[in-house]
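Asker: Can you look at this prediction? I've put the sequence above it.
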Amino acid sequence: MKPPRFDYHDPETVPEVVGLLKTLPNARMLAGGQSLMPMLNMRLALPDHLVDLNRVEGLAYIRETGGALEIGAMTRQRDIEFSQLVLERCPVMHEAILQVGHRQTRNRGTLGGSLCQLDPSAELVAVAAALEATIAVAGPKGTREIPFSGFPKTYMTPAIGPDELLTRVRFPLWPRPHGWAFVEFARRHGDFAVVSAAALLEEDRGKIKRASVTLGGVAAAPVRMKEVEKALVGQTASDALFRDACEACRKIEAMQDVHAPASYRQHLAAVLSRRALERAHARIGAAKMSS
Amino acid sequence: MSETRNIAVTVNGKRYERSVDVRLTLADFLRGPLGLTGTHLGCEHGVCGACTILVDGQSARSCLMLAVQANGHEIATVEGLAPSAERLHPLQEAFRDNHGLQCGFCTPGMLMTLVEFLRDHPNPTEGEVRVAISGNLCRCTGYQGIVAAALDAAGRMRKGG
Ligand code: FES
Ligand code: FES
């Protein structure tokens, strides 16, 4: 038997989950299981109670409302991958999800699970930062919303209470046409990225009107490169502009681990953000030609 | 004594009702109480893909599911692939003919991954096959024979093999 002993609960509604979380000591929620199950098998996680969310109703959906995409916490990564709505309205998320793990893990893994696990290199976490997502969490006092910038508390720890659960994420949409790209460098296909970069661009009469540049894998939480974004807005896009602006990425404080030293991450940050911007910009042009 | 639950699971078309310890993984449930040892366990933490099975037709790593979570669901394992004791599935035939296996440890996971993939992509490119098996590690073949087998199998299955 690999996982440690725990009591198992499989509630069917969100209020039931909240009730359990309020009363049970040392409980963990089980979503798609692609992170928690390995931790249980290796006994790195030792919960007394496991609250399985897989039978909770009403947490899996993808819909467009009021200029945003709303996705339920228990929506499988697979369903995001094959969603026509995501492909058409939020293509950066589609490009990112193809780089999340493998078919077998995306079939089970969920959006909410990935965000709460908050791995520094997780693609969906970077997408949430890039799009300035809003996270809805349910707790004993009802539901509250957290802007993504306030969601990571510390390394791999979201700013939600022990009696709260993530229920929904709202991703504001960019207007059509816009440019997008999600690029990453990983040792093998499907591995967590050493560094990833998400770019979004909007143009108005030949000038960049709005830019979003996000780096994953460099720090504990995704880093929005405000300095790069500021250097782009109001300018005419060119390879030189992107290259020069992205040099700022070499100065960020990067982590180091067995996969790469900080200096290599800084180098990747500059290279990948430039590539993401170039690809994003090419796509604005392509979208204009086809519309 | 740790908690147990009664579950009913259909595996390769056969219904099983068992009482299981809630912390038992689905992989250990298949291999232990059900005696279906075709599903292999390499890493037991979601990295190697050897334990890949289908849950309601979708591939999943059985080391990352609890047996209780399979309650009410349909599971397919490598034991259910061959249509009879005398005949192999076309994918298995292609593996044999193309040296798609050496020690065979990764093979059940490769087969179950590719069964789903070829069902959804009957006419894949070599590149697509390589991405499809990127979540399955093989320490023997260098993957070349596996990729050749998958492409060969796709052809056989398109012809109704
Ligand atoms: S044994 Fe399940 S992925 Fe390795
Ligand atoms: S045949 Fe030996 S691990 Fe693949």
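Answerer: Nice, I can see it. Ligands and ions are numbered 1, 2, ... in the order given.
Asker: Enumerate the residues of chain B near chain A.
Answerer: Counting by Cβ under 8 Å from any Cβ of the partner chain, chain B comes close to chain A at B:2-3, B:5, B:21-25, B:28, B:44-46, B:49, B:52, B:55, B:58-61, B:63-66, B:68-69, B:113, B:116-117, B:131-132, B:134-135. For the C-beta atoms, the positions are set from N, CA and C on the backbone; glycine is no exception.
Asker: For the residue positioned nearest the centre of chain B, which non-adjacent residue is closest in space?
Answerer: In chain B, the centroid-proximal residue (Cα atoms, centre = their mean) is B:Met112; its distance is 3.1 Å. Leaving aside its sequence neighbours, B:Met112 sits nearest to B:Thr52 (Cβ to Cβ, 6 or more residues apart in numbering or on different chains; 4.6 Å).
Asker: Kindly provide the distance from that neighbour to A:Glu70.
Answerer: Plainly put, B:Thr52 is 32 Å away from A:Glu70 if you go by Cβ to Cβ, to the nearest Å.
Asker: For those two, indicate the residue with more neighbours.
Answerer: Per other Cβ atoms under 10 Å in any protein chain shown, whichever of B:Thr52 and A:Glu70 has more neighbours is B:Thr52, with 31 against 17.
Asker: roughly how far apart are the residue nearest to B:Arg31 when sequence neighbours are not counted and B:Ser59?
Answerer: Nearest non-adjacent residue to B:Arg31, counting by Cβ to Cβ, 6+ apart: B:Thr37, 5.0 Å away. Using Cβ to Cβ, B:Thr37 is found at 19 Å from B:Ser59.
Asker: again, but for A:Val56
Answerer: A:Val56 is 23 Å from B:Ser59, by Cβ to Cβ.
Asker: More neighbours: these two, which one.
Answerer: Neighbours of A:Val56 and B:Ser59, each counted by other Cβ under 10 Å, are more numerous for B:Ser59; the result is 29 against 23.
Asker: Shouldn't that one be within a strand?
Answerer: Yes. Counting by DSSP: H, G, I helix; E, B strand; the rest coil, B:Ser59 is part of a strand.
Asker: For stretch A:28-41, measure first residue to last.
Answerer: Length of stretch A:28-41, first residue to last, Cα to Cα, to the nearest Å: 14 Å.
Asker: How about that stretch and ligand 1, touching?
Answerer: No. Taking Cβ under 6 Å from any ligand atom as the criterion, stretch A:28-41 and ligand 1 are apart, separated by no less than 8.8 Å.
Asker: Quick one: residues in contact with that stretch.
Answerer: The contact list for stretch A:28-41 (Cβ atoms under 8 Å, 6 or more residues apart in numbering or on different chains) reads A:2-4, A:17, A:21, A:44-45, A:47, A:49-54, A:73-74, A:76-77, A:101, A:105, A:108-110, A:112-113, A:116-117, A:119, A:165, B:23, B:25, B:44-46, B:61, B:63-66, B:69.
Asker: please redo it, this time with the cut-off set to 7 Å
Answerer: The contact list for stretch A:28-41, computed with Cβ atoms under 7 Å, 6 or more residues apart in numbering or on different chains, reads A:2-4, A:45, A:47, A:50-53, A:74, A:76, A:101, A:105, A:108-110, A:112-113, A:117, A:165, B:44-46, B:63-65.
Asker: Likewise for stretch B:137-148?
Answerer: By Cβ under 7 Å, 6+ apart, stretch B:137-148 touches B:48-49, B:98-103, B:106, B:110, B:126, B:129-130, B:133.
Asker: near ligand 2, which residues of chain B show up?
Answerer: Counting by Cβ under 6 Å from any ligand atom, chain B comes close to ligand 2 at B:101-106, B:138-141.
Asker: Those into CSV, with extra columns for secondary structure, neighbour count and distance to B:Glu79?
Answerer: CSV is the format used below for those (DSSP: H, G, I helix; E, B strand; the rest coil; neighbours: other Cβ atoms under 10 Å in any protein chain shown; distance: Cβ to Cβ, whole Å):
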residue, secondary structure, neighbour count, distance to B:Glu79
B:Leu101, coil, 21, 16
B:Gln102, coil, 14, 21
B:Cys103, coil, 10, 19
B:Gly104, coil, 12, 14
B:Phe105, coil, 18, 16
B:Cys106, coil, 27, 16
B:Cys138, coil, 22, 20
B:Arg139, coil, 11, 23
B:Cys140, coil, 15, 22
B:Thr141, coil, 21, 22
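Asker: now the helices for chain B?
Answerer: With DSSP state H as the criterion, chain B has helices at B:26-31, B:90-97, B:107-120, B:126-132, B:144-158.
Asker: Deepest-packed of the ones you listed, please.
Answerer: helix B:26-31 (a mean of 25; mean count of other Cβ atoms under 10 Å in any protein chain shown).
Asker: helices or strands up against it?
Answerer: Packing contacts for helix B:26-31, counted by 3 or more Cβ pairs under 7 Å, 6 or more residues apart in numbering or on different chains; DSSP states H and E, involve no helix or strand.
Asker: Please work out which residues outside that helix touch it.
Answerer: Contacts for helix B:26-31 (Cβ under 7 Å, 6+ apart): B:11, B:20, B:36-37, B:39, B:41, B:51, B:62-63, B:65-67, B:69-70, B:77.
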